[in-house]
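Visitor: sequence and predicted structure are below.
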Amino acid sequence: MTTIRLNGRNVKPHKATTNPDLAARTVLTNSHWEYVSLWLRRSKKVQALFYWQQAQVFAKAAEGMPVESAPLLLYYTFMNAAKELLSAKGVPFDEHHGVRAHNMRGASRKITLSNEGVRIMSRGVAPALSQHLRESESSDTHSMEDLLFNMPCIHRTFCLTYRNQKDLFVPLTECQIRLDSHSSSAYFSGRISEDFPAQYYINRLPTSLTFDPSVNDGRTIRSASSTHLSNPPAPTDGDILAIATLLGGIRADLNYIAGTETLWYVKAKVSGPKRLERSPLTCTLVAMHRLSEICRYRPMELAAFLSGQKNWLLTEFIRMAPQQFIDEIAAELTGQQFMIPNVRPSR
């Protein structure tokens with residue numbers, strides 16, 4: 001088995017879930033805001049640029065804000081960034097949130113993440129984003145606990161907060177597109193981290209991924225499907241499209257955390273809160289919407305959350321979500337991948 005190379009580089013999973021530019025080099029920048037602004041200007045996306053500039057203003061205002069106040073500004077950052085993406089992609093959407101509170105408490109007065117709910121409506125920014133990302137989730141109501149559980153960037157914090165919870169996101173190494181030279185078929189390959197019990201998670205893989213018996217290490221997994229390439233040594237445009245389609249079929253089950261290097265995770269099937277068939281982008285948007293409403297209308301409830309046992313989880317969400325959300329939006333918009341410059345990944 002060999003790796004597929006394109007423009008002298010190994011082909012790997014891509015941050016963009018829709019229309020990834022597999023041939024493009026990684027963008028090295030300290031500012032997603034500036035790069036995307038220039039990209040929108042070059043593309044003459046005037047309305048999208050306005051939304052992006054609004055998002056940047058809210059993001060700047062949120063810097064240094066206490067966690068009790070930041071959700072309000074961060075939600076408007078996320079909402080305008082989502083509107084920028086939809087506008088630039090020509091996706092129609094109604095100019096309202098598309099998400100509202102959903103009562104999951106019943107007769108209970110206790111405030112918990114498991115009974116603080118949201119409902120995604122049929123029209124508005126949130127459902128338009130969901131449709132654009134081709135989400136397959138059938139339910140439109142979720143608890144805050146479910147939403148936070150389905151975000152890779154705070155998942156370690158979630159599992160440390162809920163100490164008996166098995167990891168939903170399992171770290172992978174050696175992620176790349178490989179070639180079966182006998183059949184000229186390309187497929188995704190990755191290896192479960194040495195720090196995790198391989199057999200436990202191999203038994204809990206999503207249907208798009210499976211154990212790879214051709215690698216004798218007990219940890220390597222691969223995509224259940226593959227795609228034929230007409231010219232593997234120098235992939236044609238049709239070959240590149242076929243690889244992008246292959247990645248698109250597994251991307252919902254592969255998630256990443258942005259940082260000095262991109263960390264990839266397989267989304268397993270474990271017990272606990274519900275495993276949502278939603279992008280972390282949508283989960284982040286609607287969860288921040290709910291926190292912003294609590295911040296505005298029920299500040300004492302937010303204070304209760306932030307003084308309770310789950311305070312670290314919520315604080316990490318508020319602090320970690322902005323960088324991850326904007327990185328994902330920028331990738332979806334441009335089809336490119338972004339990294340911080342002057343940092344060489346460890347080998």
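Guide: Yep, that arrived. Numbers count the residues shown, from 1 in each chain.
Visitor: any idea how this structure splits into domains?
Guide: 2-22+167-267, 31-104+112-153+280-339 (automatic domain parsing).
Visitor: the last one: end-to-end distance?
Guide: Read it as domain 31-104+112-153+280-339. Counting by CA to CA, to the nearest Å, you get 10 Å between the two ends of domain 31-104+112-153+280-339.
Visitor: all the strands of the stretch 1-150 of the chain, residue numbers only.
Guide: Taking DSSP state E, counting those that start in this stretch to define them, one finds strands in the stretch 1-150 of the chain at 2-3, 5-6, 9-10, 27-28, 99-103, 116-120, 141-143.
Visitor: closest one to Gly335 among those?
Guide: Smallest distance to Gly335 across the strands of the stretch 1-150 of the chain (CB to CB): 10.6 Å, for strand 27-28. In this view, the C-beta of every residue, glycine as well, is placed from N, C-alpha and C.
Visitor: contacts for the closest one?
Guide: Strand 27-28 has contacts (CB atoms under 8 Å, 6 or more residues apart in numbering) with 35, 334, 336-342.
Visitor: let's have the residues you listed in CSV, adding neighbour count.
Guide: Converted to CSV, those look like this (neighbours: other CB atoms under 10 Å):
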residue, neighbour count
Tyr35, 17
Thr334, 22
Gln336, 19
Gln337, 23
Phe338, 21
Met339, 17
Ile340, 12
Pro341, 9
Asn342, 8
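Visitor: just these now: which is nearest Thr161?
Guide: Distances from Thr161 to the contacts of strand 27-28, taken as CB to CB, are shortest for Ile340 (27.9 Å).
Visitor: how much space separates the closest one from Trp52?
Guide: The gap separating Ile340 from Trp52 is 20 Å, by CB to CB, to the nearest Å.
Visitor: kindly report the same for Lys89.
Guide: 13 Å.
Visitor: these two: who's more crowded?
Guide: When Lys89 and Trp52 are compared for neighbours, Trp52 comes out ahead with 28 against 15, by other CB atoms under 10 Å.
Visitor: so what's that one up against?
Guide: Listed by CB under 8 Å, 6+ apart, the contact set of Trp52 reads 33, 36-37, 40, 80-81, 84.
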